[in-house]
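Peer 1: Sequence first, predicted model second:
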Amino acid sequence: MSRHINIIAIVARDGAIGVRGDQPFHISDDFRRFKSLTLNHPIIMGRKTFEALPKGALPGRRNIVITRDTSWTAPDTERVSSLEDAIATASDSDEIFIIGGGSVYTQALSVASRLYLTEVDADVPDADTYFPAIDPGLWEKTESLPTATDTRSGVNYRFTTYSRKG
Ligand SMILES: NC(=O)c1ccc[n+]([C@@H]2O[C@H](COP(=O)([O-])OP(=O)(O)OC[C@H]3O[C@@H](n4cnc5c(N)ncnc54)[C@H](OP(=O)(O)O)[C@@H]3O)[C@@H](O)[C@H]2O)c1
């Protein structure tokens, strides 16, 4: 089966993705895009990202959580002990989404074939978690939608897709 391992993230201009356990930006249009892309596909995440979800497991998707804690459990989740195990667990799906956080994005970048990013035109000076560097030799921008403005926060953002070259 031809399979896509997709990364999805909302990323600040300076690469920030997290601050004190939370995402720096909450943009409703971004949540809608996240849902429409990931619905009915397995989502893979680190334990800290799962713990930050306000209502626990996201419905309509297999929630696969990576942790070294063999006693960890949470409703409607599947626990695995590594990224490799997570991908193997979802091997019957042709689209898999890696949804964070920073440590998992860093591990997944070398096996991903697409990056669905929401690029925000703002820096986050107090951030503590960053997206890994995207090597332009390995990735090409294959889609970039027009810049939009979040009416609630006033920040500008755009939806961008990168595909692995070759
Ligand atoms: N902007 C975005 O799109 C976005 C998306 C998601 C998350 N975030 C943000 O990212 C931050 C969290 O990122 P993070 O890097 O601190 O944490 P994380 O990647 O969400 O979770 C880290 C945890 O995952 C487990 N883990 C990761 N790799 C593992 C491996 N190879 N084997 C076994 N276990 C592994 C470990 O859990 P145990 O400690 O239980 O062993 C580790 O402590 C938060 O601020 C969150 O809001 C942002």
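Peer 2: That came in fine, so what should we check first? Residues are numbered from 1 along each chain as shown.

Peer 1: The residue lying closest to A52 once chain neighbours are set aside: neighbouring residues, count only.
Peer 2: Excluding its sequence neighbours, the residue lying closest to A52 (CB to CB, 6 or more residues apart in numbering) is G21, at 5.4 Å. Glycine gets a C-beta too; all of them are placed from N, C-alpha and C. By the measure other CB atoms under 10 Å, the count of residues near G21 is 12.

Peer 1: go on, R13?
Peer 2: The burial count for R13: 12, using other CB under 10 Å.

Peer 1: residues touching it, list them.
Peer 2: With contacts defined as CB atoms under 8 Å, 6 or more residues apart in numbering, R13 is in contact with 119-123.

Peer 1: what's the pLDDT at G137?
Peer 2: Note on G137: pLDDT of 98.

Peer 1: Pretty sure it sits against K165.
Peer 2: Yes - under the criterion of CB atoms under 8 Å, G137 makes contact with K165 at 7.5 Å.

Peer 1: of the two, who's got more company?
Peer 2: K165 (11 against 7).

Peer 1: Spatially, what comes nearest to that one if we skip its sequence neighbours?
Peer 2: Excluding its sequence neighbours, the residue lying closest to K165 (CB to CB, 6+ apart) is E140, at 5.4 Å.
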